[in-house]
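S.K.: got a structure for you, letters missing:
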């Protein structure tokens, strides 16, 4: 079983990779049969090929920046949760989205599932200097 400290490190690394726009690095964190639901309620994305396409079509085109907003919470049974902010351009307008991701990990330390909790209610327009 993955240790809580490993969960914290992996989830913090996920935010660093999102911030860097490193799609290959993000996808490498996932198990081959992983499931992504982003945002929760949207049809699940299953498997590495579909997950890779999801990140390339979204994050890869948005020049997003990401910042962890507090500590990663980890359980003793392979789960973690974190709040973070994504700054990006949404339809030509700079904005921020506050997100909570919940992840489950397999015994090898790979992400088995990721569920992102956010909606338009969490989107805040920003004015750029």
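M.R.: Yes, it's here. Fair warning: this is a prediction, and the values are worked out from it, not measured in the lab. Numbering: from 1, shown residues only.

S.K.: ranges for the helices of this structure?
M.R.: Taking DSSP state H as the test, the helices found in the chain are 4-20, 23-28, 48-57, 59-62.

S.K.: could I get those helices as a markdown table with mean neighbour count, distance to residue 112 and mean pLDDT?
M.R.: For the C-beta atoms, the positions are set from N, CA and C on the backbone; glycine is no exception. Formatted as a markdown table, these follow (neighbours: other CB atoms under 10 Å; distance: least, CB to CB, whole Å; pLDDT from 0 to 100):
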| stretch | mean neighbour count | distance to residue 112 | mean pLDDT |
| --- | --- | --- | --- |
| helix 4-20 | 18 | 12 | 97 |
| helix 23-28 | 16 | 14 | 97 |
| helix 48-57 | 16 | 12 | 96 |
| helix 59-62 | 15 | 20 | 74 |
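
S.K.: would you mind saying which of the ones you listed lies nearest residue 99?
M.R.: Closest approach to residue 99 among these (CB to CB): helix 4-20, 9.9 Å.

S.K.: residues contacting residue 107?
M.R.: Taking CB atoms under 8 Å, 6 or more residues apart in numbering as the criterion, residue 107 is in contact with 1, 2, 78.

S.K.: tell me the contacts of the first one?
M.R.: The one in question is residue 1. By CB under 8 Å, 6+ apart, the contact set of residue 1 is 76, 77, 78, 107.

S.K.: can you redo those residues as TSV with pLDDT and distance to residue 30?
M.R.: Shown next, in TSV, are the contacts of residue 1 (pLDDT from 0 to 100; distance: CB to CB, whole Å):
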residue	pLDDT	distance to residue 30
76	96	22
77	96	19
78	97	14
107	94	15
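
S.K.: could you turn the buried ones of these into a PyMOL selection?
M.R.: To isolate the buried subset of the contacts of residue 1 in PyMOL, counting by 16 or more other CB atoms under 10 Å, use the following:
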select buried, resi 78
